[in-house]
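Colleague: the following block contains a protein sequence and its predicted model.
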Amino acid sequence: MSSPVAHEHSASRIRYGAAALLALVEAFGINSMYGQIWRSGFAQTAWNWLNDPDARLPGSSRPAIRQYFGIPVIDDSLVLANFCFINTIDGSRPEMSLYGLQFGGQLVPVVAVLMIEGLRAGNRNRMLRWSLFWCHLMQVVGYAIVMPLYGCLHLLTSATAAGSSDANRLRRRAPLALQVLIPSFAIGYVIPTILFVYPFSSNFLRQWFCTAWQLYPHILYACQHVLASKSPQHEDQRPDQKHEDQDLKILSKAYDVAFKFAATIQIFVYTILITVWLMPSLFPDHIAQALTFEQVFKPGSFYSYGPPGSVPDEMHRWFHYDQYVGSAAILVWALALYLSRPTCGKHTWKGYARLGGKICTWAIIGGPAGAAAKILQLRDEQIHRMPKSQKQKRSV
């Protein structure tokens, strides 16, 4: 068994190596999303549409609502959000709608993981505490841009990355926030999403609920704050085994809920694709042709020049790289945290193979973000099972 000093050197190499890899992932994300729309001219197309006072929603004759809150910067952002998202829900592109459903399911474990990290004692005085900020930033600039940055910052600066038991424990009121996770997600995410996708005949309602969905992180966190404030107060005292056990149960439940939600959506999407593949005659021709694995999940080029495609095509490609790059980042980050945990002994090929098998299984069932949540859940459980003497040596 390796000495604590040797293990710490090995863990540091893993974290620094993962941070370097995340920097490369970040660069690829910027290129595949923002670089590509600039090269293709789609950024100019979006800019021209935004500045057209008579702009119509892509693929329709419905006029775009130009004013929401009366603040130009916010209004322009929400108008642009309608430009980007409206074809996901208007039924014109079934493949884009199904992909949007799957991507939406992945956001739940992503937000849950960021929320949990923000509630840890080791992130109390760091930017990582403000999970609402990171979720909002993700909604504005993209999962593929924020997740590599967040992971890199966490690995290099957070006390929780080193696996200290004290740093990874929940802050005093954190258990309350996680205990109300299910109703918070139901009210703050599921309901706005249902209103977002509901086919309202009113152009006004459809666009307003599309813009309201962009604010779901704020709705979710507001619900969590209100519900937690109505719950019994969590006692503020030094962590003992009883409270650590309770906190672990709360953490495990939060991870499980996030994974199960993502898995439910993931399996539903598989069911739709398999049904269309096996029984295409049950569906209209345009549905059967659109709902194939290739049409739904195969991304377009991440580096090309030339005239831009249609708005739905360009946005579908954008969302592809947004999820795929962000998913790579969250898996690299979660795996680096797991492999550098204090309880990790000598790495063996058999151990790597078993871990790889688990991750593949989790990713197939719950998607890559769901797999990341399970990796972090496993890490928390193993840190919790550290011998008491080892916890004391590593306390902060």
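Modeller: Sure thing, it's come through.
Colleague: which of the three states applies to residue 31?
Modeller: Under DSSP: H, G, I helix; E, B strand; the rest coil, residue 31 falls in the helix class.
Colleague: and the strands in the stretch 51-200 of the chain?
Modeller: In the stretch 51-200 of the chain, no segments count as strands under DSSP state E, counting those that start in this stretch.
Colleague: sketch out the low-pLDDT regions of it for me.
Modeller: 172-173 (pLDDT under 70).
Colleague: please redo it, this time with the cut-off set to 90
Modeller: For the stretch 51-200 of the chain, the stretches with pLDDT under 90 are 53-55, 57, 59-62, 66-71, 89-92, 119-127, 129, 158-182, 199-200.
Colleague: in it, mark out all the helices, start to finish.
Modeller: Under the criterion DSSP state H, counting those that start in this stretch, helices of the stretch 51-200 of the chain are mapped to 72-89, 94-118, 131-141, 143-157, 165-168, 174-179, 181-185, 191-197.
Colleague: can I get the third one in CSV? Just the C-alpha atoms.
Modeller: Spelled out, it's helix 131-141. Presented in CSV, the C-alpha positions along helix 131-141 are these (Å, rounded to 0.1, in the frame of the first residue of the first chain):
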residue,chain,number,x,y,z
SER,A,131,-23.8,27.3,-7.8
LEU,A,132,-26.7,29.6,-9.0
PHE,A,133,-24.0,31.7,-10.7
TRP,A,134,-22.5,28.7,-12.5
CYS,A,135,-25.9,27.4,-13.6
HIS,A,136,-27.0,30.8,-14.9
LEU,A,137,-23.7,31.2,-16.7
MET,A,138,-24.2,27.8,-18.2
GLN,A,139,-27.6,28.8,-19.5
VAL,A,140,-26.1,32.0,-21.1
VAL,A,141,-22.9,30.8,-22.7
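Colleague: elements contacting it?
Modeller: Using 3 or more CB pairs under 8 Å, 6 or more residues apart in numbering; DSSP states H and E as the contact test, the elements touching helix 131-141 are helix 94-118, helix 143-157, helix 216-229. (Glycine included, C-beta is placed from N, CA and C.)
Colleague: thinking again about what came up before, can you add mean neighbour count and give the helices of the stretch 51-200 of the chain back as JSON lines?
Modeller: Shown next, in JSON lines, are these (neighbours: other CB atoms under 10 Å):
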{"stretch": "helix 72-89", "mean neighbour count": "18"}
{"stretch": "helix 94-118", "mean neighbour count": "23"}
{"stretch": "helix 131-141", "mean neighbour count": "19"}
{"stretch": "helix 143-157", "mean neighbour count": "23"}
{"stretch": "helix 165-168", "mean neighbour count": "22"}
{"stretch": "helix 174-179", "mean neighbour count": "22"}
{"stretch": "helix 181-185", "mean neighbour count": "19"}
{"stretch": "helix 191-197", "mean neighbour count": "17"}
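Colleague: can those helices go into a markdown table with extra columns for distance to residue 341?
Modeller: Converted to a markdown table, the helices of the stretch 51-200 of the chain look like this (distance: least, CB to CB, whole Å):
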| stretch | distance to residue 341 |
| --- | --- |
| helix 72-89 | 38 |
| helix 94-118 | 15 |
| helix 131-141 | 22 |
| helix 143-157 | 13 |
| helix 165-168 | 9 |
| helix 174-179 | 20 |
| helix 181-185 | 24 |
| helix 191-197 | 34 |
